[in-house]
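Colleague: dropping a prediction and its sequence here:
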Amino acid sequence: MPIDINKYYSLIVKMPCPSEGGPTLNLAFGKDTAKRWGVVFLQRIKTPNGLGTVIGEYKDRLWIWLDDNRGVSRWEVKDNLFSMKGFEPVKKPSMKSYPDEVEKYIENLFQCSINELVTFTQNPFLLIFGEESKQAIEAIEKNWGLWLEYTTTNLNTWSNYFTKYLQEHSQNPLEKMQQYGELTSRVTGIPKITIKEFNLSYVKEIKEVEEQIFELQQQKSSLLEQTTAKEDQEQIKGMFKNLEQVLHDKLEQLNKLEEQNRRQKMLTSQLNKVLTNQQFAEFNQHAKRIELTVNSLLAIKPQLQDKHFMKTYQAMLTLMAQYLYEQDLIEKQSEATDKTGKEEAEANLSPDLFTGLVFAMVAGDSTIKKAYYLRLINRLDNNNNAAKEMPVTFDLEIWAVSNPQQMINLCRFLFNNSKFKQFEEGLSYKEYPLFIFEIVKLKMSFILALNEVQKNNSKFSIPQEIKFHAQKTIDLLVDLILDGNEEIAIWAEKQIKGNKNPFIKNYRVYAALAEFYATPPHVNEEKGLFFYNEGKTSTKDPEENKQAKLVSILYEAIHGSTGEIRRAAVELLNQKREYHYLKLVGHKNPDAALLCLDYCLANNQLDEAKQYITLARKADRAKAAYFEALLVDKQKGDFMPFFLEAIEFGFAHAGYALRKMLSVLLEKKQIEEINERYLNLLNKPFVLNILTVPVIKDTIMAVYNSTGDTQQQEEFREKWMFNLLVVVKNTEIVQKTDLVVTIITECRELLSDEGLLVALSILSKQRYFDEPGDPFLLDAIAQIITEQDKKGPKHFFNLGIYDFLKNNTKLVVLLMNNSSSKERLAQCERFTSFIKKEQIRIEESDKVKNQPSLANLGLFGDNNNLPEEKGPSPSPMGTKKG
């Protein structure tokens, strides 16, 4: 079974493993394990106690399974294992095989072959290009998806191994190995020949002579020490000199014989390898490595946005293209007729030549690509004038102009070749733009060559062939341009302006270029308008092209002569749900920017959404602010400033959202969040205007009751609540009267003495007391007056309320005309005395005169910034006697 990668990752951090001591341990092996001890998972090693296998770590210790044990054992090693005496990695292949117990345990645990697991945990590149490549390649083929993921992630490492390997093997006479291997596989009767190895070692004799020389030198030194006379010493040296020279000559001769013997042994070994077909086996593995690399490079998905990845990927493609080019050793075909030459060329050209050409085209390497073209041209026609060209200077497009028939032959040969067609159909413009671009250039040169040849050739099929290939080529070119390939757009632009290619002057190409130059980061209004206008005047196909029509709407939305035309174009794109084009307009048109902002938020395209905010504000500041609040909130930022801006400038949905948020928070009793984030918003008039009175009341009461501390509640009344009432009094609040009445009747505990007087002054200013009042409010006011009266005449409220009533006699009349409030106030001697003293006529309840409010007295004017009344009401109701 192939490796289950999810299972592997879950087990590698918790592997139940038997220990030598008995209990099962949960071992782990991770990056830190490898880094700390310098080992890899399942690495075979030598230990002081014999061979073993690295399994993992447990309780800060490394655990190794020795070959003769029944489980893992702990080793007291704190850092790199191989820095300790007695530990070293296993190098001999014979020692790398796993004991049956270890293999059985690993395969049962991970439910896959241990060889497959080792391949992907112990640097597969090292195994592929080493002696164990056969098992590694087999493991890779069984786990192809995992291999592609691994190579994509580690492309640079793979490239280094592959480059080094090719450098070592590019000059090997591999075709000779292949020929011998094929011969022995076909002709089974070839006898096995073994060259006898003669053991002619001279090592023993060399050692004997070296010992003789040493003894002779010792004797000479001893005699020289015993002799003092100079003449005697000279005589001794002369005598030994001849003997030493004889021995040295003999030693030199023996060394030469030994070197010759060593070379003979090496040659014998090499010959025997050839005769036992070992070199063909090596060729076979080399072929498998090349095949694996080719298939992998074609299967890997190019990461076009990753420049570092693409640089490495294209370098590998170029290297492989160069290698395949060098290995193409087919000799040139002899001169023959055109037809026979083509047939022979097609029959003899290696499939690897087409693979190499495709690699060169995908990589975009011009030199090796030109070399392939030249080789194909020369193979198809020995007498062509391109034979003298060098790849560096060769230009296929220029050559095709002078050699139209040969260009036709080349293109037909390529496009009809099954191997090349397979690549052409399998590689998409999205992933392999350079390859498809090369196809476009080939086909365009092919069409131009056909067009040139048909001038002197009346063959009926040529116009049909031109039409077929022109349509296919334009399709590919448009796709490439619309995919944002700048190099291709510039090429198409040059072709149009060069005025030598009538086929490229197609309204679809113009539309594609117009869209390209309207798309960031390639925006160029001058070029975009040029191609848009050229497209409008060019001949169209019978069926109008959708993309060209959308480009027309796009340019109307950006450059329409009136605002109405631009808005209509934007709305049309929105109705059609053509969001790609709407986004292009969104960089130039405020209405489109607002729609794009909404679309990006709905589809969680947050980074892109930011691009449209500034322009969207010009269309609708409030709505754009609300969208920006949503964007910032999704990115876990402080959205409140933008949210408040949306409310302030009148975006109704923002008000609804705030009401909903507060209602939900109140329902969930998340009072702390209300206090921290929302309470102080009530000091803003535009916030009060979009909230209902019940929501305002419930929000304030929830925070007030949550304090629980008498002193904190008093501070809340005297500061926060009083400030709110001042804001309500001094600004235009739609529900001002309802809010104040609700606070007095239902939330009396929220009002300090000053707050009560301000609340009453608000109602007075709103002329609330001009008409028959709410009996509940009158009862509440009566109750407040009677309760406060008990605190004495010098209490702040009692000092202020009668001044207020003196200037708002309508309220007195209303209070006394309401039976329940009258009954309460009748028990308040100070109130009844006030009526008598001020001589207020209660019986004329329908003609109460409105007097100036408390604010006119200046009691709160300076301290609270309350506006003064303009003047008394002309109503005669509630006037004093006399």
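Modeller: Received it, and whenever you're ready, just let me know what you need.

Colleague: just give me the neighbour total for residue 237.
Modeller: Each residue near residue 237 was counted by other Cβ atoms under 10 Å, and the total is 13. C-beta here means a position set from N, CA and C on the backbone, and glycine is covered the same way.

Colleague: which residues touch it?
Modeller: 220, 224 (Cβ atoms under 8 Å, 6 or more residues apart in numbering).

Colleague: that one and residue 301, how far apart?
Modeller: 82 Å (Cβ to Cβ, to the nearest Å).

Colleague: now do the strands in the chain.
Modeller: 15-18, 24-27, 44-47, 50-58, 61-66, 73-75, 88-89 (DSSP state E).

Colleague: closest to residue 647 out of those?
Modeller: Among those, the nearest to residue 647 by Cβ to Cβ is strand 24-27 (56.9 Å).

Colleague: still on that earlier bit, adding distance to residue 809, write the strands of the chain out as TSV.
Modeller: TSV is the format used below for the strands of the chain (distance: least, Cβ to Cβ, whole Å):
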stretch	distance to residue 809
strand 15-18	92
strand 24-27	89
strand 44-47	105
strand 50-58	92
strand 61-66	95
strand 73-75	98
strand 88-89	106
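
Colleague: out of these, which is closest to residue 111?
Modeller: When the strands of the chain are ranked by proximity to residue 111 (Cβ to Cβ), strand 15-18 comes first, at 13.1 Å.

Colleague: buried residues in the closest one?
Modeller: 15, 17, 18 (16 or more other Cβ atoms under 10 Å).

Colleague: for that strand, packing partners?
Modeller: With contacts taken as 3 or more Cβ pairs under 8 Å, 6 or more residues apart in numbering; DSSP states H and E, strand 15-18 sits against strand 24-27, strand 50-58, helix 100-110.

Colleague: any stretches of the stretch 451-600 of the chain with poor pLDDT?
Modeller: 458-460, 539-544 (pLDDT under 70).

Colleague: what ranges does it have for its helices?
Modeller: Ranges of helices in the stretch 451-600 of the chain, per DSSP state H, counting those that start in this stretch, are 461-482, 486-498, 507-516, 525-537, 546-559, 563-575, 579-586, 590-602.

Colleague: can you lay out the strands of the chain as TSV showing mean pLDDT?
Modeller: Converted to TSV, the strands of the chain look like this (pLDDT from 0 to 100):
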stretch	mean pLDDT
strand 15-18	92
strand 24-27	92
strand 44-47	92
strand 50-58	93
strand 61-66	92
strand 73-75	89
strand 88-89	90
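
Colleague: I'd like to know which of those is closest to residue 804.
Modeller: Closest approach to residue 804 among the strands of the chain (Cβ to Cβ): strand 24-27, 80.7 Å.

Colleague: so which of the strands of the chain is nearest residue 599?
Modeller: Closest to residue 599 of the strands of the chain, according to Cβ to Cβ: strand 15-18, at 49.0 Å.

Colleague: that older thread, out of the helices and strands packed on strand 15-18, deepest packed?
Modeller: Compared across these, strand 50-58 shows the largest average neighbour count, a mean of 21 (mean count of other Cβ atoms under 10 Å).

Colleague: show me what that strand is packed up against.
Modeller: strand 15-18, strand 24-27, helix 31-37, strand 44-47, strand 61-66.

Colleague: looking at the ones you listed, which is nearest to residue 562?
Modeller: helix 31-37 (64.0 Å).

Colleague: what residues does the closest one touch?
Modeller: 39, 40, 41, 54, 56, 57, 62, 77, 79, 80, 81.

Colleague: could you redo the last one with a cut-off of 6 Å?
Modeller: 40, 57, 62, 81 (Cβ atoms under 6 Å, 6 or more residues apart in numbering).

Colleague: now do the closest residue in space to residue 84 that isn't next to it in sequence against residue 782, distance only.
Modeller: Among residues not flanking residue 84 along the chain, residue 77 sits closest, at 5.8 Å (Cβ to Cβ, 6 or more residues apart in numbering). Noted for residue 77: a distance of 91 Å to residue 782, by Cβ to Cβ.

Colleague: what's the closest of the contacts of helix 31-37 to residue 432?
Modeller: Among the contacts of helix 31-37, and counting by Cβ to Cβ, the member closest to residue 432 is residue 40, at 35.5 Å.

Colleague: how about the helices in the stretch 751-882 of the chain?
Modeller: Counting by DSSP H, counting those that start in this stretch, the helices of the stretch 751-882 of the chain are 753-765, 775-789, 796-807, 809-817, 819-825, 829-838, 861-864.

Colleague: same list (these) but as CSV, adding mean neighbour count, mean pLDDT and distance to residue 286.
Modeller: CSV is the format used below for these (neighbours: other Cβ atoms under 10 Å; pLDDT from 0 to 100; distance: least, Cβ to Cβ, whole Å):
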stretch, mean neighbour count, mean pLDDT, distance to residue 286
helix 753-765, 23, 89, 94
helix 775-789, 19, 88, 99
helix 796-807, 19, 85, 103
helix 809-817, 23, 87, 107
helix 819-825, 17, 87, 108
helix 829-838, 14, 85, 113
helix 861-864, 12, 38, 95
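
Colleague: redo the ones you listed as TSV? Include distance to residue 212.
Modeller: Below are the helices of the stretch 751-882 of the chain laid out as TSV (distance: least, Cβ to Cβ, whole Å):
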stretch	distance to residue 212
helix 753-765	125
helix 775-789	133
helix 796-807	131
helix 809-817	141
helix 819-825	142
helix 829-838	144
helix 861-864	125
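
Colleague: can you tell me which of those comes nearest to residue 102?
Modeller: Ranking those by distance to residue 102, with Cβ to Cβ as the measure, places helix 753-765 first at 83.5 Å.

Colleague: the closest one to helix 796-807, inter-axis angle?
Modeller: 10 degrees (axes from the mean of the first three to the mean of the last three Cα atoms, to 10 degrees).

Colleague: check which helices and strands helix 753-765 sits against.
Modeller: With contacts taken as 3 or more Cβ pairs under 6 Å, 6 or more residues apart in numbering; DSSP states H and E, helix 753-765 sits against helix 722-730, helix 736-746, helix 796-807.

Colleague: what's next to the second one, contact-wise?
Modeller: Identification of contacts with helix 736-746 by Cβ under 6 Å, 6+ apart yields 693, 697, 728, 759, 762, 763, 766, 768, 776, 777, 780.

Colleague: got the CA positions of that helix in PDB?
Modeller: Taking Å, rounded to 0.1, in the frame of the first residue of the first chain, the C-alpha atoms of helix 736-746 are listed here in PDB:
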ATOM      1  CA  LYS A 736     -36.000  63.700  22.500                       C
ATOM      2  CA  THR A 737     -39.400  64.000  24.200                       C
ATOM      3  CA  ASP A 738     -40.100  60.300  24.300                       C
ATOM      4  CA  LEU A 739     -36.600  59.600  25.600                       C
ATOM      5  CA  VAL A 740     -36.900  62.100  28.500                       C
ATOM      6  CA  VAL A 741     -40.400  61.000  29.400                       C
ATOM      7  CA  THR A 742     -39.300  57.300  29.500                       C
ATOM      8  CA  ILE A 743     -36.300  58.100  31.700                       C
ATOM      9  CA  ILE A 744     -38.400  60.100  34.200                       C
ATOM     10  CA  THR A 745     -41.300  57.600  34.300                       C
ATOM     11  CA  GLU A 746     -39.300  54.300  34.100                       C
END
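
Colleague: pLDDT (mean, whole number) over that helix?
Modeller: In this model, helix 736-746 has an average pLDDT of 91.

Colleague: between that helix and helix 775-789, how big is the angle?
Modeller: Going by the same axes, to 10 degrees, helix 736-746 makes 60 degrees with helix 775-789.

Colleague: and helix 736-746 with helix 722-730, angle?
Modeller: Using the same axes, to 10 degrees: helix 736-746 against helix 722-730 is 140 degrees.

Colleague: equivalent analysis for the longest one, please.
Modeller: When the same axes, to 10 degrees is applied, the directions of helix 796-807 and helix 722-730 differ by 10 degrees.

Colleague: show me how far helix 796-807 is from its chain's centre.
Modeller: In terms of Cα atoms, centre = their mean, to the nearest Å, the gap separating the centre of helix 796-807 from the centre of its chain is 71 Å.

Colleague: other SSEs contacting it?
Modeller: With 3+ Cβ pairs under 6 Å, 6+ apart as the test, helix 796-807 has helix 753-765 packed against it.
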